[in-house]
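Undergrad: pasted the sequence and its predicted model underneath.
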Amino acid sequence: ASNVTIQDGMDAGSTTAATTTPNNSRGLADAEEDNDDDDDPSKDEDTSCSICLINRQGPCRKYWLKFERCMKAHGAEKEEDERQQQQQRAAAEEEDDDDEKDEKESNVE
């Protein structure tokens, strides 16, 4: 059996370190421009979410706020997609019901 040393940035099946950070000193989460409002807690959106309140105070504040904005933006998209899918299913079910009624009426005659 061979010994495998797992280093930070490696998965168990890899023999080389994975590189996920660009060569400069900024990480992937820094790819977008920084938001000046991230430094001002008075401009935070009101919330009763305890996880949000804790992470807004920690050293990862700007990353957490970026995550909140991402979830808010993409959560609305997902809700809209789900609403449209429900409408499509309801329309398809209504069409199936109408087809069944027409079939029963034609069998009665």
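TA: Now that the structure is in, tell me what you want to look at. From a predicted model like this one, the values you see are computed outputs, not experimental measurements. Numbering: from 1, shown residues only.

Undergrad: C-alpha from now on. contacts and neighbour counts both.
TA: Noted.

Undergrad: may I have the phi/psi pair for Y63?
TA: With angles defined as degrees, to the nearest 10, Y63 sits at phi -70, psi -40.

Undergrad: number of residues surrounding it?
TA: Y63: 16 surrounding residues under other C-alpha atoms under 10 Å.

Undergrad: so what's it scoring on pLDDT?
TA: At Y63, the pLDDT value in this model is 92.

Undergrad: let me see the contact set for the nearest residue to C52 once chain neighbours are set aside.
TA: Nearest residue to C52, sequence neighbours excluded (C-alpha to C-alpha, 6 or more residues apart in numbering): W64, at 7.9 Å. By C-alpha atoms under 8 Å, 6 or more residues apart in numbering, the contact set of W64 is C52, N55, R56.

Undergrad: do that again at 10 Å, thanks
TA: Residues in contact with W64 (C-alpha atoms under 10 Å, 6 or more residues apart in numbering) are D38, C52, I54, N55, R56, Q57, G58, C70.

Undergrad: between these, which has the most around it?
TA: Busiest of the contacts of W64 [other C-alpha under 10 Å] is R56, holding 19 neighbours.

Undergrad: wait, it sits on D44?
TA: Yes: here R56 reaches D44: they are 8.7 Å apart, a contact under C-alpha atoms under 10 Å.

Undergrad: any residues in contact with both of the two?
TA: Residues touching both R56 and D44 (C-alpha under 10 Å, 6+ apart) are D38, L65.

Undergrad: helices along this structure, start to end?
TA: Using DSSP state H, the helices found in the chain span residues 50-57, 61-108.

Undergrad: which of those comes out lowest on mean pLDDT?
TA: Out of the helices of the chain, helix 61-108 stands lowest, with a mean of 84 (criterion: mean pLDDT).
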